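Trainee: With the input below, show me the fold.
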Amino acid sequence: MKVFAIGVLPQPLTDAQRAEIMPQEVPHTLKLYLDAKIEQFWFRQDQPGPIFLMDVESIDQAKATVGQMPIVAAGLATYTFIPVGPLAPLGMLIAGK
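Mentor: Predicted structure coming up:
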């Protein structure tokens, strides 16, 4: 199943927090990408935080996976999870359907 995990950093990271958490967070995120748990990722333009397109078995798995990220475990970020799928109404445009 595909899930968007939308991150929010309620407070901008201080320089000290960034220096402490990012050396752990970046390799952790890269491993999730290489393990195909995160298919794509973006950085939000409206506020600090990433958006991940995840390939997981369930919302619970997405929550557990993101919950292990260092920035989340430290209480510096929270996520909203949205399951997504194909745009099924497009099928009505196919003749004979």
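Trainee: What's the separation between residue 84 and residue 20?
Mentor: From residue 84 over to residue 20 the distance is 33 Å, taken as C-beta to C-beta, to the nearest Å. C-beta: built from backbone N, CA, C; applies to glycine.
Trainee: So between those two, which is more surrounded?
Mentor: Taking neighbours as other C-beta atoms under 10 Å, residue 84 and residue 20 compare with residue 20 leading, 15 against 11.
Trainee: Go through the longest helix seen in the chain and flag the buried ones.
Mentor: Using DSSP state H to define each element, the chain has its longest helix at helix 15-34. Within helix 15-34, the residues that count as buried by 16 or more other C-beta atoms under 10 Å are 21, 25, 28, 29, 32.
Trainee: Hmm, the fourth one is touching residue 38, no?
Mentor: Yes. Checked against C-beta atoms under 8 Å, the pair residue 29 and residue 38 is within contact range at 6.9 Å.
Trainee: picking that back up, please give the centre-to-centre distance between the longest helix of the chain and its chain.
Mentor: Per C-alpha atoms, centre = their mean, to the nearest Å, the displacement of helix 15-34 from the mean C-alpha position of its chain is 14 Å.
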